[in-house]
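Trainee: pasting the sequence and the predicted model now:
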Amino acid sequence: MRIKGKNIISSSGFTLLELILVMVIISTVLSMAAPSLRGFFASRKTDDAAFQIIALTKLARSQAITEGRIYRLNMDVDESTYWLTARDEGVFSQLNKEFGRIFLLPEGTSAELEKENEEIDEQYIEFYPQGRTETSTIRLTDRRGDIFEIACLSPTEQFRMVETGEM
């Protein structure tokens, strides 16, 4: 800006020192909040895995009805994995589709399968062509101890997320 031959310098802005001070304050606040955010993201991963299991149960149920054959949601609680299989000629085999792959639970998440009529160490849930399934509960526990329960409360219902007190 120029006024009658004189230069006037406008000083609207921040100095380098002020910017560095603000960055130090922001870094300090973020470093204090970071440990609690880690647990949040771990819980979100377990929550996502729970909804993925629900999606697989819906797929298994609808495919069992459509194709007229038994489907299984298999769980290996020791390896923290789960996958779908279907019965062909009396033998259960893995599906040759995207949903037939082996899914892995998030790191630090443990699974437990509880069935109403539990047989000896059965680690699967069956879905029948008539639309029925085995009454069971899948319990996922993340590293913070948060529990996510997925349950089918009767043979004709679909699996869904339940509150712990609802059982």
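Mentor: Received the coordinates, thanks.
Trainee: in the chain, which helix or strand is least confident?
Mentor: Every helix and strand of the chain was ranked by mean pLDDT, DSSP states H and E. The lowest is strand 2-3, at a mean of 54.
Trainee: dump the strand of greatest length in the chain to CSV, restricted to CA.
Mentor: The residue-count maximum for a strand in the chain (DSSP state E) belongs to strand 81-88. What follows is strand 81-88, C-alpha atoms only, in CSV (Å, rounded to 0.1, in the frame of the first residue of the first chain):
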residue,chain,number,x,y,z
THR,A,81,-10.7,-67.8,11.6
TYR,A,82,-14.1,-68.4,10.1
TRP,A,83,-15.4,-69.5,6.7
LEU,A,84,-18.4,-70.9,4.8
THR,A,85,-18.8,-74.4,3.5
ALA,A,86,-21.6,-76.2,1.7
ARG,A,87,-22.6,-79.8,1.5
ASP,A,88,-22.1,-81.5,-1.9
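Trainee: identify the residues contacting it?
Mentor: 53, 56, 59-60, 63-64, 67, 69-76, 92-95, 99-105, 111, 124 (CB atoms under 8 Å, 6 or more residues apart in numbering). No exception for glycine: its C-beta is placed from N, CA and C like everyone else's.
Trainee: same check, this time on stretch 54-61
Mentor: With CB under 8 Å, 6+ apart, stretch 54-61 has contacts from 71-73, 82, 84, 99, 103, 125, 127, 131, 133, 150, 152, 158-161.
Trainee: 10 Å - rerun?
Mentor: By CB atoms under 10 Å, 6 or more residues apart in numbering, the surrounding residues in contact with stretch 54-61 are 70-73, 82-86, 95, 97, 99, 103, 125-128, 131-133, 136, 138, 150, 152, 158-161.
Trainee: returning to what we had before: show me what counts as buried in the longest strand of the chain.
Mentor: By neighbour count on 16 or more other CB atoms under 10 Å, the buried set for strand 81-88 is 82-86.
Trainee: ok, Glu126 - how many residues close by?
Mentor: If you count neighbours by other CB atoms under 10 Å, Glu126 ends up with 19.
Trainee: just the residues contacting the helix or strand hosting it, thanks.
Mentor: According to DSSP states H and E, Glu126 maps onto strand 124-127. When contacts are defined by CB under 10 Å, 6+ apart, strand 124-127 is touched by residues 53, 56-65, 69-76, 82-87, 92, 113, 115, 132-138, 152, 159.
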